[in-house]
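S.K.: A structural model of the following input is requested.
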Amino acid sequence: MRKLTSLALLFTLAATFAFAQDGFTPAKVAAIERAANSEQHAEKADNYKISMRLGDTIYNCVVNAPVQTFMDWTTTKSFPAKLSADGKTLSVKVTSGEIIDMKVKGKKKVG
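M.R.: Model prediction:
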C-alpha cells in the first residue's frame, strides 16, 4: 500500500512540474461565452468573452479565435496559462498545444 501511495505522489508531482514548465501555471475556466455577432463586422464572428481563474484572481478576457479552439472548454476545466509582465495578456496553451493570447479587460481578486 505504501508503494502505491508513493507511486501516486510521484506521478502527481511529475504532472505538476510538466504542467508548470515555461512559466505556465494551471488556470481554470470560470466562464466562457461567445460574443454577439455583428452583421456589419464579420471579423468579429469568432469573438469570445472568457474569464480565467489564475491563483486568487479572475481575469476577464476577450479573444478572437476559431470555434474549434473552444469546443472542449467548460467551466472548471484547467489549462496552462501565463500572464504577461504588463498584465495585459493572458497566454493559454490549448488542447492542441497551440498558445492563444487573450486580452485582459479586467481582473478581480477572489477569496
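S.K.: tell me where the model's unsure across the protein.
M.R.: For the chain, the stretches with pLDDT under 70 are 1-21, 37-45.
S.K.: helices of that one, start to end?
M.R.: 2-19 (DSSP state H).
S.K.: which residues does residue 70 contact?
M.R.: 32, 48, 50 (Cβ atoms under 8 Å, 6 or more residues apart in numbering). Glycine gets a C-beta too; all of them are placed from N, C-alpha and C.
S.K.: buried residues in stretch 84-97?
M.R.: By neighbour count on 16 or more other Cβ atoms under 10 Å, the buried set for stretch 84-97 is 90, 91, 92, 93, 94.
S.K.: would you convert the residues you listed into TSV that also reports distance to residue 102?
M.R.: Formatted as TSV, these follow (distance: Cβ to Cβ, whole Å):
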residue	distance to residue 102
90	5
91	8
92	6
93	12
94	11
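S.K.: how distant is stretch 77-86 from the center of its chain?
M.R.: Distance of stretch 77-86 from the chain centroid (Cα atoms, centre = their mean, to the nearest Å) equals 6 Å.
S.K.: contacts for that stretch?
M.R.: Identification of contacts with stretch 77-86 by Cβ under 8 Å, 6+ apart yields 19-20, 22-29, 52, 54, 59, 89-95, 104.
S.K.: if we go to 7 Å?
M.R.: 19, 23-29, 52, 54, 90-94 (Cβ atoms under 7 Å, 6 or more residues apart in numbering).
S.K.: out of those, which comes closest to residue 66?
M.R.: Closest to residue 66 out of those is residue 94 (10.7 Å), distances taken as Cβ to Cβ.
S.K.: hmm, the closest one is touching residue 69, no?
M.R.: Yes. Assessed by Cβ atoms under 7 Å, residue 94 is found in contact with residue 69 at 5.8 Å.
S.K.: which neighbours do these two share?
M.R.: residue 100.
S.K.: show me where this protein has strands.
M.R.: 25-34, 47-54, 57-64, 78-83, 89-93, 99-109 (DSSP state E).
S.K.: can you tell me which helices and strands the fifth one packs against?
M.R.: If I follow you right, that is strand 89-93. Using 3 or more Cβ pairs under 7 Å, 6 or more residues apart in numbering; DSSP states H and E as the contact test, the elements touching strand 89-93 are strand 78-83, strand 99-109.
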